[in-house]
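Enquirer: need coordinates for the below:
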Amino acid sequence: MLGGVHPPVEVNVSLSLEGRGAVVGGFSVYADSVRISGFLIQGAAYGVYVQGRYNEISNCTIFNNSYGIKIQGNGNVVRDNKIFKNHHYALGLRYSFQGSMVRNAIYWNQWGIYLEHSEDNSVQHNVLRHHAQGIRIQGGSGNLIAHNHVANNSEYGIKLCCSSRDNIIHFNNFAGNRRHADAASAYENCWDRDRRGNYWENRSSSTAYVIDDENVDRHPADAPYPVPLFSPRLYVLRPPENQIISGSVIVRGVSEQEGTVEVRVDNGTWQRAVGFLTWQYLLDTTGLDNGPHRLSLRCGPTQTDYYFQVQNEAASGFAVLLPLVVFAVLAIARRLGAGQQKKI
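Expert: Numbers count the residues shown, from 1 in each chain. Next up is the predicted model:
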């Protein structure tokens, strides 16, 4: 499946799908060993819905859905994705075991990662920021939460509840959250290992970080761990590249980089697009020559180019002559009026 815009896709057999920038209105997977990679996924109830085992979702950009990814099944892998601006959670596992969620950039959703009655999953090397709750474990056990950067969440960096127990939570950064951690009915969780715990920004104690009597990081780190790095991209969603356009056209796109998107036509001046993460720009082609043109885009250090063709219809011969005819008629009328005045 290459390029273009596609309706929702349902998968019922084991196969591999590579998008290479194709836009899809959601995937529903009811099979095992399905590979989905390289898609922009938007506008669905669930960006990706999985009921199956050993499936993999990788290198996708998943945004503007009600839910980003929902998984029910064992051994599934979610890696190297950008998941943002979904209305509820970005990535949710329900009654799922031995899954892996690695190297995802997850930001500006309602919740980040939500583990519900799920066990023995690995959540590592992710960035989770700008949610209400970065990570939520609800009735889960045996999960490994490590090497994540959890920042700027408005309620909690991580919340455990509902008899969550025996989870290992260490080597993470917690910074800029309203509350870094909360544990309600959560027992026997490990917050440090081999005398190495988590980094808790602005902790008051130099010895231990106490969440409650049952949940204590006894060896908190004095400095942050390295933050996983991601390479953001800029996309134009429509019109499709190299399409022939005319008049004024709204160009719509998505930026994986937070910040202002700027655009310029050919070698013109930079102008601001409208929007945050998803953006739009009113492109007026009436002053451009017919033929190929370039729209350059930038957001922070990220830049890309988009190419399009202009084909505006030339004014008809009548339209060109009309002003001359009107001018001639008015001139004749003025002369006739002057002649009438002389006779009087």
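Enquirer: can you give the domain ranges for the protein?
Expert: 5-217, 234-310 (automatic domain parsing).
Enquirer: and the end-to-end length of the first one?
Expert: The reference is to domain 5-217. Length of domain 5-217, first residue to last, C-alpha to C-alpha, to the nearest Å: 48 Å.
Enquirer: averaged pLDDT, it. What do you get?
Expert: Taken as a whole, domain 5-217 has a mean pLDDT of 97.
Enquirer: same thing with the last one?
Expert: Averaged across domain 234-310, the pLDDT comes to 96.
Enquirer: tell me how far that domain is from the chain's mean position?
Expert: Centroid displacement of domain 234-310 relative to its chain, using C-alpha atoms, centre = their mean, to the nearest Å, is 18 Å.
Enquirer: what do you get for stretch 50-59?
Expert: 19 Å.
Enquirer: among the domains of the chain, single out whichever gets nearest to residue 225.
Expert: Smallest distance to residue 225 across the domains of the chain (C-beta to C-beta): 5.6 Å, for domain 5-217. Heads up, the C-betas are built off the backbone N, CA and C, glycines and all.
Enquirer: CSV for the domains of the chain, including distance to residue 228?
Expert: Below are these laid out as CSV (distance: least, C-beta to C-beta, whole Å):
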stretch, distance to residue 228
domain 5-217, 5
domain 234-310, 14
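Enquirer: out of those domains, which is closest to residue 226?
Expert: domain 5-217 (8.4 Å).
Enquirer: beta partners of residue 97?
Expert: residue 119 (DSSP bridges).
Enquirer: mind listing what the most centrally placed residue in the chain touches?
Expert: Nearest to the mean C-alpha position of the chain, counting by C-alpha atoms, centre = their mean, stands residue 84 at 3.6 Å. By C-beta atoms under 8 Å, 6 or more residues apart in numbering, the residues touching residue 84 are 62, 63, 90, 105, 106, 107, 108, 109, 256, 277.
Enquirer: outside of the helix or strand that contains residue 305, which residues touch it?
Expert: Residue 305 is part of strand 302-310 when elements are defined by DSSP states H and E. Residues from elsewhere that reach strand 302-310 (C-beta under 8 Å, 6+ apart): 232-236, 239, 241-246, 251, 255-257, 285, 288-297.
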